[in-house]
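> only geometry, no sequence info:
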Ligand code: MIG
């Protein structure tokens, strides 16, 4: 007989022990690495009205709060256990209306139905799955699995997730500055503000976290904003599972559903929810020249003087980190800048504004007043253990202000006094505020750093993505307080949804390649539809050296970007370079670039660079109006081609061409040596700007080295100014209008907004808003003008060109009286020119 002893269960080899075991499967006799649980909604057992929301409570304990923010905005807020965190958000607009919105809740045997004038939300009684419909019963969006929350003992609630169905041929847009084609479908994304030095196509995440996307299908459009500041993830049917999901690594599932008849209406709803940007000063829309770094004093003036000597318009010069004393913010390197105020004044006399960089890292140095004051007043972040959290950046080990504390923001704002009030710099540039930390792979502060979070204390996991937003808020609010007469200009690298209320953004450290020019184009389109119209890229590329052709093509694209700024790296080694995983890859990292001013590429290219910048100054009234519109109702200045006609599937993935303002279709050249470019126009009639040729559908245009291809919508009025060297020159002889004949007989509305370009008089009616309505046909074409506001414009006359009139013009009536017309040839076309008084009310052109 064999040994009868019962076999003992051998202990599991350690490496086979799963890292996590589900609570249901956990054996009480065993200890595991970690134990998790997943919670889903099941049957709804109670419905109640509580704290201004409908609450649906499931027997599993899951609670769903549905809040009607506006007829077109619903909030869905989930708790796995029926308890919610204190309600708080940095992203939402402070002026978000909180009044009652009419909504009705009804039920069938299987579902609850919440109806507003624009939206219907259906919630199933078992499973608590949601479906959204527009008022005409079109299905906009529906849950696949709906809500799931996962927790473990060690990580707490670390996955709050929603899974939705992918709708047939659905396309997705938004999420800020993601470096890929416009349609996000088929991809996954992560939001975690990252110093992404020399990023490339498909690098993710980048500098900003903007967890807001659009879904477009069957000509319908909606938006989803996940208001959660933790690291978040979005999956747009990447594995062909016919599902779309988004999840956060902490906090709560809290999202807003936004309806819009067209994508632009979704953009406007999002702007109502997260805030509209302030109207910038006009100089901020001029051309800006930047470099890491211009110094000393004499070099800065030399650059300024060269602009004027060559008659290349420019409104601003930037000082990068080297103006500081050893990278100490709010100090000057007196060896290079012995008289900062004198420099700023000298620049001002030449028509330049000065913008200086400020970083969040404050050098650990007991002799440095900002550090000392910050330490004494308790302004810096601490770890959970109580020690000041420090990390190396440019100046060595630094402490970081806790911008989530209003006292810190107040202190920080006040620190700008000397620069902003006494020295007279015009704007600030906030860099490295992801926040970036050198040398470590993680690139940022550790998770155990604590943040005040407006009294809600949070770890860095929760605060990280809003650090940049709050730094820019502190800077912006400081500027408002210090010089209440001025419109702040602030540029930030990192930010979060809602950050558009405080700062413009640039796309970060790109490279001097054609691929990067193409990326800058799509990134700015995407930033713009994601709430950040005031955006731009480092024109010419940050690392590397462009050739003249690339530089000029990039400038031409920049004409249509609200922030038009050349920037380059200079002779530097970046401390924020890509983390080299293998030290053997560390080749000679000389990334130095040669000069990158408009005249740096030789005589062949300087006049072309100049022409591009001149075009910008000519188009300023159009761009300023688009920025004003953006500040009023959130209409994005740039829009993806797909937004022009969501029904046109040919536009869904169109990356190169885009809408700028209401009436321009821009088709930038993003490849070298292009002579002809194929353009596909959205429905309607257009004109090629450079020769006034009518255009529609698909066509080729001949591409000239000095011309960026763009088209104007038929019926539109395009306002232009004469070229000036800078915007403080208000000597504008005439406003010139290009009026584009529309063969369809439909009415087209165009606007021009003008004001002093600075200050807040416009809030008291000191602006001039012209609204033009055009309509007519081959016999007679009309233009009406309506004027609002009391601001006296700079010019005494308006020049009007009619473009595209199909037959010979017999006469022209202005306010009923016949006016002489002049025929002007543009290439082989005839334009009709009129010179009239700015306050006309109607023009009629008769065949
Ligand atoms: O570690 O201030 O993106 O525009 O010139 C580099 C120096 C820090 C990164 C910014 C770039 C700026 C540079 N900064």
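Good, I have the coordinates. The structure displayed is predicted, hence computed values, not measured ones.
> which residues does stretch 681-696 contact?
For stretch 681-696, the external contacting residues (Cβ atoms under 8 Å, 6 or more residues apart in numbering) are 641, 644-645, 648, 651, 664-665, 679, 697-699, 701, 704, 707, 709-715, 718, 740, 742-744, 803-804, 826-829, 831. Placement of C-beta: from N, CA and C, glycine included.
> again, only using 6 Å
644-645, 707, 710-714, 740, 803-804, 826-827, 829 (Cβ atoms under 6 Å, 6 or more residues apart in numbering).
> show the average pLDDT along that stretch.
Averaging pLDDT along stretch 681-696 yields 96.
> return the residues of the stretch 351-500 of the chain in contact with the ligand.
Within the stretch 351-500 of the chain, the positions adjacent to the ligand are 357, 431-432, 493 by Cβ under 6 Å from any ligand atom.
> from those residues, keep the buried residues only.
357, 431-432, 493 (16 or more other Cβ atoms under 10 Å).
> excluding its backbone neighbours, what's nearest whatever residue of the chain ends up closest to the ligand?
The minimum distance from the chain to the ligand, using Cβ to the nearest ligand atom, falls at residue 292 (3.6 Å). Once flanking residues are discounted, residue 292 sits nearest to residue 320: 4.3 Å by Cβ to Cβ, 6 or more residues apart in numbering.
> hang on, that neighbour packs against residue 358?
No - assessed by Cβ atoms under 6 Å, residue 320 is found out of contact with residue 358, at 11.0 Å.
> and the contacts of the helix-or-strand element of the chain with minimal mean pLDDT?
Least confident element among the helices and strands of the chain, by mean pLDDT, DSSP states H and E: strand 822-826 (a mean of 83). With contact meaning Cβ under 6 Å, 6+ apart, strand 822-826 is reached by 692, 830-831, 833.
> cool, and stretch 175-182?
173, 189, 201-203, 206, 208, 210, 213, 507, 519, 522-523, 527, 530, 640, 653, 655.
> could you do stretch 753-767 as well?
Contacts of stretch 753-767 (Cβ under 6 Å, 6+ apart): 281-282, 485, 625, 628, 768-769, 789-791, 793.
> cool, stretch 231-247 as well?
By Cβ under 6 Å, 6+ apart, stretch 231-247 touches 144, 159, 161-164, 166, 172, 184-192, 211, 226, 248-249.
> now do 8 Å
144-145, 159-166, 170, 172, 175, 184-192, 209, 211, 213, 215, 224, 226, 248-250, 255, 461, 464-465.
> just to revisit the earlier point, mind putting the buried ones among the residues of the stretch 351-500 of the chain next to the ligand in CSV, secondary structure included?
Output for those, formatted as CSV (DSSP: H, G, I helix; E, B strand; the rest coil):
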residue, secondary structure
357, strand
431, coil
432, coil
493, coil
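> which residues of the stretch 201-350 of the chain lie near the ligand?
292, 320-321.
> what mean pLDDT does stretch 97-104 have?
Computed over stretch 97-104, the average pLDDT equals 89.
> and that stretch, which residues are buried?
101, 103.
> residue contacts, the one residue sitting closest to the centre of the chain?
Nearest residue to the geometric centre of the chain (Cα atoms, centre = their mean): residue 532, 2.4 Å. When the contact criterion is Cβ under 8 Å, 6+ apart, the partners of residue 532 are 176, 210, 277, 495, 499-500, 504-505.
> phi first, then psi, for it.
phi -110, psi 80 (degrees, to the nearest 10).
> if we can go back for a sec, closest to residue 99 among the contacts of stretch 753-767?
Nearest to residue 99 out of these is residue 628 (Cβ to Cβ; 26.5 Å).
> next, that closest one: secondary structure please.
Residue 628 ends up helix, using three-state DSSP.
> what's the neighbour count on the residue nearest to it when sequence neighbours are not counted?
In space, and not counting its chain neighbours, residue 628 is closest to residue 753: 4.1 Å by Cβ to Cβ, 6+ apart. For residue 753, the neighbour count with other Cβ atoms under 10 Å is 24.
> rewinding a little: narrow the contacts of stretch 753-767 to those that are buried.
So, of these, 281-282, 625, 628, 768-769, 789, 791, 793 end up buried under the neighbour-count rule (16+ other Cβ under 10 Å).
> would you map the strands across the stretch 101-250 of the chain?
104-107, 111-115, 119-124, 130-134, 139-152, 156-165, 171-174, 188-191, 212-217, 220-226, 232-236, 243-248 (DSSP state E, counting those that start in this stretch).
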